[in-house]
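In: below are the sequence and a predicted model for it; my questions follow.
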Number of protein chains: 2
Amino acid sequence: MMIDRSPRANVEIRDVGPRDGLQAESPVSVDTRTALINGLADAGLTDIEAVAFVSPKAVPQMAGAAEVMARIDRPAGVRFWGLVPNVRGAELAVDAGVDALTVTISACPVYNEKNINRTIEESVEAIAGVVEVADGRPVDAVLSCVFGSPYTGDEPTSAVPTLMEELRTRGVGRFTLADTTGMATPARIEAVISAVGADVGMHLHDTRGTALVNAWTALGLGVERFDTALGGLGGSPFAEGAGGNLATEDLVHVLRDAGSVPDIDLDALLALGPALADAVGHALPSRVMTHGPR
Amino acid sequence: MMIDRSPRANVEIRDVGPRDGLQAESPVSVDTRTALINGLADAGLTDIEAVAFVSPKAVPQMAGAAEVMARIDRPAGVRFWGLVPNVRGAELAVDAGVDALTVTISACPVYNEKNINRTIEESVEAIAGVVEVADGRPVDAVLSCVFGSPYTGDEPTSAVPTLMEELRTRGVGRFTLADTTGMATPARIEAVISAVGADVGMHLHDTRGTALVNAWTALGLGVERFDTALGGLGGSPFAEGAGGNLATEDLVHVLRDAGSVPDIDLDALLALGPALADAVGHALPSRVMTHGPR
């Protein structure tokens, strides 16, 4: 495949820390979540996965999603995403005023059943229902275990093109490929992008230290959408040994140095770190947060 | 520049943990150092920076270098490198039976003076002396601060081609470009390789989380020699906030998955981790050591 190293004008970073990051921590207050989301928007993030409309019993970290949506600032040009597991969640999300919705489905049927207690077919049906409720709002299907599964090894990768095609016929217009447990490597990023094209987002975890090299490899192949989390927060509560998300500031740091400048204020991002570390009660794993930018 | 992603048959990894790694820790015993070096050779490393012949007063971690050299196994096909600061060190190293020598000089004059108390010209003279004493053994000049200096910012980068040329005229046949304080990014790796060619080694630190992406970028540009340290140990005692070396196992892990297999046994490497963590008294920063290979 052709590798393109030229600067990019249109790299789109979606900070998923308020959802995927905080979901892996002990619950923090609505105030803290609101402040984090406002801070990310102020720093220039144009896309923020702010909330999930899921059972507060199963995921207490995401309780109060409507309250969070009601209290955050809503600056022009920022899309606030809500994760929804089903039609009921989508209805709540739309009522709460989200701009766009994420849904999840796994490329690994075993992971799908263990994670969300559904067959792939049931998940596809649920997503089709969400697309209807979304009523034209963007719906992004985040495919988990694309680069490997803790249950079925490398099997899921070959299922990705068919799964994407099926979801497309059900109205999904946008896809994100997730490396849920950090099994991607540059070689596997290349193989998958070769198969499905570069019009996808990447959602990368740093379990094995490969999040940034995988993002960079994808960028070189034309991918321009990345999920990240401030401070490298995250890890799936359902996946043993899953490391944090690619840190927003680590990606912005190398992009900026390559002349690909999403309009994000790195210093403003870093200034959000201490309050976030304080809220979650531990140091953030991001290296740029720890040592500062070059 | 052309990017080549094909598998490589000749990637050469030099584990510098016994020297650059342990130098950043409280001193460990000769026994521990000997066991680490033997373990690395057993795991398949063909190049190991085992010792430094420096003042035991200034660098107590490297005391007993001759004893280490006398006690390690010397399997065929493994080169044991010794770092030497001057002619006297080179004489000791040759007497102790090292196969090859590393010398250091900085692309940043200020760093050179603060680190080794010499002007660049004095360092060049010292290295010329070492080359003579080496008597045909490989001498690798490790250039520090190639991608930026904590004292002079990006200035040192432009000095690299001239410094290399001067050292070549003094008999140095091999060069390693060091990112001493983690200021390299993929864009800077490309710029430097464009200027000096790919027949260099890379010595990368993970201060800002970029060690692996920088190595991968260099590999794609034709570089085939990398300094690493088991467990990601390291950090310069002279450089504020310097993170550990690129972890040997993190590099081997992605190389192996790309079909570029240096003949290194990843499981054997990982098996060395617990004893090393125990010796240095803290967890090792490597992600693959922490979470295991994919």
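Out: Thanks, I have the structure now.
In: show me what the helix or strand harbouring A:Leu219 packs onto, helices and strands only.
Out: Using DSSP states H and E, A:Leu219 maps to helix A:211-220. Judged by 3 or more Cβ pairs under 8 Å, 6 or more residues apart in numbering or on different chains; DSSP states H and E, helix A:211-220 is in contact with helix A:186-196, strand A:201-204, helix A:248-257, helix B:211-220. C-beta: built from backbone N, CA, C; applies to glycine.
In: could you dump these into a markdown table with mean pLDDT added?
Out: As requested, the helices and strands packed on helix A:211-220 are exported to a markdown table (pLDDT from 0 to 100):
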| stretch | mean pLDDT |
| --- | --- |
| helix A:186-196 | 96 |
| strand A:201-204 | 98 |
| helix A:248-257 | 95 |
| helix B:211-220 | 97 |
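In: now the helices for the stretch 1-150 of chain A?
Out: Using DSSP state H, counting those that start in this stretch, the helices of the stretch 1-150 of chain A run over residues A:30-42, A:65-71, A:87-96, A:109-116, A:120-134.
In: look up how far chain B lies from the residue positioned nearest the centre of chain A.
Out: Centroid-nearest residue in chain A, with Cα atoms, centre = their mean: A:Asp227, separated by 4.1 Å. A:Asp227 sits at a distance of 17 Å from chain B (criterion: Cβ to the nearest Cβ, to the nearest Å).
In: same check on A:Val146?
Out: For A:Val146, the distance to chain B - Cβ to the nearest Cβ - is 13 Å.
In: so that residue touches A:Phe175, yeah?
Out: No - under the criterion of Cβ atoms under 8 Å, A:Val146 makes no contact with A:Phe175, lying 9.7 Å away.
In: check what pLDDT A:Ser26 gets.
Out: On pLDDT, A:Ser26 comes in at 94.
In: from the chain's centroid, how far away is stretch A:142-151?
Out: Taking Cα atoms, centre = their mean, to the nearest Å, one finds the center of stretch A:142-151 at 14 Å from the center of the full chain.
In: pull out the buried residues from the helix holding A:Leu219.
Out: A:Ala211, A:Leu212, A:Val213, A:Asn214, A:Ala215, A:Trp216, A:Thr217, A:Ala218, A:Leu219, A:Gly220 (16 or more other Cβ atoms under 10 Å in any protein chain shown).
In: of these, which pair is most distant in space?
Out: A:Ala211 and A:Gly220 (15.2 Å; Cβ to Cβ).
In: what's the angle between the host helix or strand of A:Val160 and helix A:186-196?
Out: According to DSSP H and E, A:Val160 maps onto helix A:155-169. Helix A:155-169 runs at 30 degrees relative to helix A:186-196, counting by axes from the mean of the first three to the mean of the last three Cα atoms, to 10 degrees.
In: quick check: buried residues in helix A:155-169?
Out: Neighbour counts using 16+ other Cβ under 10 Å place A:Pro156, A:Thr157, A:Ala159, A:Val160, A:Leu163, A:Met164, A:Glu166, A:Leu167 of helix A:155-169 among the buried residues.
In: let me see the mean pLDDT of that helix.
Out: Here the average pLDDT along helix A:155-169 is 97.
In: before we move on, the earlier item: how far does the helix holding A:Leu219 sit from the chain's center?
Out: Distance, centroid of helix A:211-220 to centroid of chain: 15 Å (Cα atoms, centre = their mean).
In: what sits against the spatially closest residue to A:Gly232 that is not a sequence neighbour?
Out: Spatial nearest neighbour of A:Gly232, excluding adjacent residues (Cβ to Cβ, 6 or more residues apart in numbering or on different chains): A:Ala247 at 3.6 Å. Contact analysis of A:Ala247 by Cβ atoms under 8 Å, 6 or more residues apart in numbering or on different chains lists A:206, A:211, A:228-232, A:284-289, B:209.
In: out of these, which is nearest to A:Ala100?
Out: Of the contacts of A:Ala247, the one sitting nearest to A:Ala100 (Cβ to Cβ) turns out to be A:Thr228, at 16.7 Å.
In: for A:Met202, state which of the buried residues of helix A:211-220 is nearest.
Out: Nearest to A:Met202 among those is A:Ala218, at 4.9 Å by Cβ to Cβ.
In: so that closest one makes contact with A:His203?
Out: No - applying Cβ under 8 Å, one finds A:Ala218 not in contact with A:His203, separated by 10.8 Å.
In: need the residues touching each of those two.
Out: Counting by Cβ under 8 Å, 6+ apart, the residues touching both A:Ala218 and A:His203 are A:Phe226.
In: can you list the buried residues in stretch A:54-61?
Out: Quick answer for stretch A:54-61 (16+ other Cβ under 10 Å): A:Val54, A:Val59, A:Gln61.
In: which residues sit against it?
Out: By Cβ under 8 Å, 6+ apart, the list of residues contacting stretch A:54-61 reads A:22-28, A:52, A:62-64, A:83-85, A:89.
In: selection in PyMOL covering whichever of these are buried, please.
Out: With 16+ other Cβ under 10 Å as the burial test, the buried ones among the contacts of stretch A:54-61 are selected in PyMOL as follows:
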select buried, chain A and resi 22+23+24+25+27+28+52+62+63+64+83+84+85+89
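In: which one of the contacts of stretch A:54-61 sits closest to B:Thr32?
Out: A:Ala24 (36.3 Å).
In: for that closest one, which non-adjacent residue is spatially closest?
Out: A:Gly235 (4.3 Å).
In: same question for A:Asp227.
Out: Of all residues not flanking A:Asp227 in the chain, A:His203 sits nearest, at 3.9 Å (Cβ to Cβ, 6+ apart).
In: next, count neighbours for the one residue in the stretch 1-150 of chain A that gets nearest to chain B.
Out: Of all residues in the stretch 1-150 of chain A, the one sitting closest to chain B is A:Ile3 (4.0 Å; Cβ to the nearest Cβ). By the measure other Cβ atoms under 10 Å in any protein chain shown, the count of residues near A:Ile3 is 16.
In: do me a favour and average the pLDDT over stretch A:265-276.
Out: 97.
In: now do the same end-to-end measure for it.
Out: Using Cα to Cα, to the nearest Å, one end of stretch A:265-276 lies 17 Å from the other.
In: that stretch and chain B, are they touching?
Out: No - contact of stretch A:265-276 with chain B is not found when judged by Cβ under 8 Å from any Cβ of the partner chain; the minimum separation is 11.7 Å.
In: which residues are in contact with that stretch?
Out: Contacts of stretch A:265-276 (Cβ under 8 Å, 6+ apart): A:17, A:32, A:35-36, A:39-40, A:42-44, A:230-231, A:233, A:248-249, A:252-253, A:256, A:284, A:286, A:288-289, A:292-293.
In: buried ones only from the residues you listed, please, as a PyMOL command.
Out: Here is the PyMOL command that selects the buried residues among those (16+ other Cβ under 10 Å):
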select buried, chain A and resi 17+32+35+36+39+40+42+43+44+230+231+233+248+249+252+253+256+284+286+288+289+293
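In: now the phi/psi pair for A:Pro75, please.
Out: phi -60, psi 150 (degrees, to the nearest 10).
In: now A:Asn117
Out: phi 60, psi 40.
In: residues contacting the residue nearest to A:Tyr151 when sequence neighbours are not counted?
Out: Nearest non-adjacent residue to A:Tyr151, counting by Cβ to Cβ, 6+ apart: A:Val110, 4.0 Å away. For A:Val110, the contacting residues are A:Ser149, A:Tyr151, A:Thr152, by Cβ under 8 Å, 6+ apart.
In: the first one: neighbour count?
Out: Burial measure for A:Ser149: 24 neighbouring residues, criterion other Cβ under 10 Å.
In: quick one, what contacts it?
Out: A:Ser106, A:Ala107, A:Cys108, A:Val110, A:Tyr111, A:Glu155, A:Pro156, A:Thr180, A:Thr181, A:Met183.
In: one more: the last one?
Out: Contacts here follow Cβ under 8 Å, 6+ apart; on that basis A:Thr152 touches A:Cys108, A:Pro109, A:Val110, A:Tyr111.
In: state the distance from the residue nearest to A:Asp227 to chain B.
Out: Distance from A:His203 to chain B, by Cβ to the nearest Cβ: 17 Å.
In: does that residue touch A:Leu177 like I think?
Out: Yes - assessed by Cβ under 8 Å, A:His203 is found in contact with A:Leu177 at 6.8 Å.
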